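**Q** here is a sequence together with a model predicted from it:
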Amino acid sequence: MFKLHVIQAKYGDALLISFGTPRKPRHILIDGGPPGNYAADLEPALAELVGHAGKLDLVVLSHVDNDHIVGLLDLLAAVEDDQVSGRRLRTKIAGIWHNSFERTVDTSGKVAKQMQANVMMLARVNTPLGADTLETFYGIKEGHRLRLLAKKLGIPVNKGIKKDILLAAKTPVKFGPLELHIAGPNKPQLETLETEWLDWLNEAAKEIAKDASTAAMSDRSIPNLSSIVLLAKCAGKSILLTGDARGDYIIDGLRTAGLLKNGRLHVDVLKVQHHGSNRNTTAAFFGAITADTYVLSADGRHGNPKLDTLKWIVQSPRPRQLPITLVVTNVTETIAELQQQLPPADHGYTVRQPPGHAHSIEITLRA
């Protein structure tokens, strides 16, 4: 058995891999969705798919953005509540994978220090930070909270992972019949990201000093280059999980892990990075990384998935010219526009969405 359950996560991500046998299934959860998602969809999905008091072999936080981490924090808080109340734990968690900010992006401690300084500068003049910076600032704190909750609950974090950092590697981590290949980030990418963040924060500090009222306008989307990228293999099938990583970083990480052949990779399922944003991918990426099924977790927020991204997928070269499937958590305006501009029957694709008010949609790779 090998299945991917795409859990409704609105504008975020929440994915459950099930493998093993129907009588003895095993499960890995990747991300938990944004605020409110645990109660609305993640908890009922886990109850249905894993069962009450069921076990998760692993929980993976791809990165600390709110639309990925908050549902996991709520899950751990619910488990803590069960423990404190003396109830049977609703979900048993064997381990967590999470790259801490200090060990990956901010090894020198300078990024957090400069970010705190910028926040204090703006507080003194009563000027708010931009949304992207706030999400990053609080996301770092939520990453700390995740680790503290895990420690309190006795859940190991990054057990067996060298130096407590998940980096692209050629040797997979095995969970019975399942292989998890870590395909990102790699060390040069993290070093680049630390430099980029410091440069940007220092520049922002100069802007604040000159005119604090321009600070919000100087905000930019901080890259999600530190996302953990995983290639899951089982029963001769494969799933590429990308978090919010950028396309060139994904390809570079796959190369580091020795997973590319002539610069290309075909997988059965590709979770499209960053909810289908066109800032994180290109047509060339979908030419190099192809799939039979593309997963897009988005609800139209920020215009995601972007029409450009959808067209790149549909018009990308395909092995043996086979039809493809777009599995979407929500039918957005851009998906409707895609179907109008590039009719599925003419362009060899179908669109699947969760039935009715279902909490998830299942992709079966092996029964």
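**A** Nice, I can see it.

**Q** which residues of the stretch 51-200 of the chain score low on pLDDT?
**A** 119, 122-139 (pLDDT under 70).

**Q** can you give me the strands in it?
**A** Assigned by DSSP state E, counting those that start in this stretch, the stretch 51-200 of the chain shows strands spanning 54-56, 58-60, 91-93, 96-97, 173-175, 178-184.

**Q** hmm, who's touching the second one?
**A** Contacting residues not belonging to strand 58-60 are listed as 28-31, 72, 75, 93-98, 175, 228, 230 [C-beta atoms under 8 Å, 6 or more residues apart in numbering]. The C-beta positions use only the backbone N, C-alpha and C, and glycine is treated the same way.

**Q** thinking again about what came up before, for the strands of the stretch 51-200 of the chain, which one sits closest to Ile17?
**A** With C-beta to C-beta as the criterion, Ile17 lies closest to strand 178-184 of the strands of the stretch 51-200 of the chain, at 7.4 Å.

**Q** so which elements touch that closest one?
**A** Packed against strand 178-184, as judged by 3 or more C-beta pairs under 8 Å, 6 or more residues apart in numbering; DSSP states H and E, are the following elements: strand 25-30, strand 173-175, strand 229-234, helix 247-256.

**Q** so which of the ones you listed comes closest to Ala358?
**A** Between Ala358 and the helices and strands packed on strand 178-184, the shortest gap by C-beta to C-beta is with strand 25-30, which sits at 17.6 Å.

**Q** that closest one to strand 229-234, inter-axis angle?
**A** Counting by axes from the mean of the first three to the mean of the last three C-alpha atoms, to 10 degrees, strand 25-30 lies at 170 degrees to strand 229-234.

**Q** show me what strand 25-30 is packed against.
**A** Helices and strands touching strand 25-30, by 3+ C-beta pairs under 8 Å, 6+ apart, are strand 15-20, strand 54-56, strand 58-60, strand 178-184.

**Q** now the third one: how far from the chain's centre is it?
**A** For strand 58-60, the separation from the chain centroid amounts to 12 Å (computed by C-alpha atoms, centre = their mean, to the nearest Å).

**Q** do the first one as well
**A** Here the centre of mass of C-alpha atoms in strand 15-20, compared against the chain's by C-alpha atoms, centre = their mean, lies 15 Å away.

**Q** so what secondary structure elements neighbour it?
**A** Against strand 15-20 (3+ C-beta pairs under 8 Å, 6+ apart) you get strand 2-7, strand 25-30, helix 43-49.

**Q** pull out the buried residues from the last one.
**A** Which is helix 43-49. Residues Glu43, Pro44, Ala45, Leu46, Leu49 are the ones in helix 43-49 that count as buried (16 or more other C-beta atoms under 10 Å).

**Q** and for that helix, what's in contact with it?
**A** Contacts for helix 43-49 (C-beta under 8 Å, 6+ apart): 5, 7-8, 14, 16, 18, 27, 29, 54, 75, 78, 90-91, 359-360.

**Q** one more time with 7 Å
**A** Identification of contacts with helix 43-49 by C-beta atoms under 7 Å, 6 or more residues apart in numbering yields His5, Ile7, Leu16, Ser18, Thr91, His359, Ser360.

**Q** ranges for the helices of the stretch 151-300 of the chain?
**A** All helices of the stretch 151-300 of the chain, identified by DSSP state H, counting those that start in this stretch, fall at 187-210, 215-218, 247-256, 283-288.

**Q** which of those sits most buried?
**A** Highest mean neighbour count of these: helix 247-256, a mean of 22 (counted as mean count of other C-beta atoms under 10 Å).

**Q** quick check: mean pLDDT across that helix?
**A** For helix 247-256, mean pLDDT rounds to 95.

**Q** which helices and strands does it pack with?
**A** Contacts defined by 3 or more C-beta pairs under 7 Å, 6 or more residues apart in numbering; DSSP states H and E place helix 247-256 against strand 178-184, helix 283-288.

**Q** biggest separation within the buried residues of helix 43-49, which pair?
**A** Greatest spatial distance in the buried residues of helix 43-49: Glu43 and Leu49, 11.1 Å, computed using C-beta to C-beta.

**Q** hang on, the earlier thing: hmm, which of the contacts of strand 58-60 are the buried ones?
**A** With neighbours counted using 16+ other C-beta under 10 Å, the contacts of strand 58-60 contain these buried positions: 28-31, 72, 75, 93-98, 175, 228, 230.
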